[in-house]
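Asks: here is the input, now give the coordinates:
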Amino acid sequence: MLAKYGPANVWDTTGRGAIDSQYDDDIDLFGSEEEEESQEAKKLREERLAQYGSKKAQNPALVAKSSILPDVKPWDDETDMAKLEECFRSIQADDLVWGSSKLVPESYGIKKLQIQCVVEDDKVGTDELKEQVTAFEDYVQSMDVAALSKI
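Replies: You can find the predicted model right below:
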């Protein structure tokens, strides 16, 4: 029956533990040599991080900007769109630049205003812009963002 399972299943009756216990002392599981290598790698990594930090400090910080194309819908076809655009352009903020505008036919003779603007993401958000535009309740029914792209 032992021959069927092979010698690997034979128990050690000498009391020394596993059959391969004489080889257990030769294996260093924690690798003292690797510790020395990791110290060197750590020092090299710190030097490279310091070099990268000095290069990064010399470069000017990039400013994240977005190009926004809002759709502004008036209440009806009798709304003065020139006055609506004037109100829209009266909104001023740091790093908010107004671009070109156009009237786009919506339905039943109503035209919506699309006006391009460029904003700095950290200073002006789309929610803030929407709140300021919808504050012109006499002219603006709603505002949607038709297009938003990062510059």
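Asks: residue 77 - that's part of a strand, no?
Replies: No: assessed with DSSP: H, G, I helix; E, B strand; the rest coil, residue 77 is coil; it does not lie in a strand.
Asks: neighbours of it, how many?
Replies: Here the number of neighbours of residue 77 (other CB atoms under 10 Å) works out to 12. Where C-beta positions appear, they are placed from N, C-alpha and C, glycine not excepted.
Asks: chain neighbours aside, what residue packs nearest to it?
Replies: Distances taken as CB to CB, 6 or more residues apart in numbering place residue 109 nearest to residue 77, at 4.3 Å, with adjacent residues excluded.
Asks: identify the residues contacting residue 123.
Replies: Applying CB atoms under 8 Å, 6 or more residues apart in numbering to residue 123 gives the contacts 93, 94, 95, 96.
Asks: can you map out the helices along the chain?
Replies: 2-5, 21-24, 32-58, 81-89, 126-134 (DSSP state H).
Asks: and of those helices, who's closest to residue 119?
Replies: Closest approach to residue 119 among these (CB to CB): helix 126-134, 7.2 Å.
Asks: just to revisit the earlier point, what's the ChimeraX syntax to select whichever of the contacts of residue 123 are buried?
Replies: Here is the ChimeraX command that picks out the buried ones among the contacts of residue 123, judged by 16 or more other CB atoms under 10 Å:
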select :96
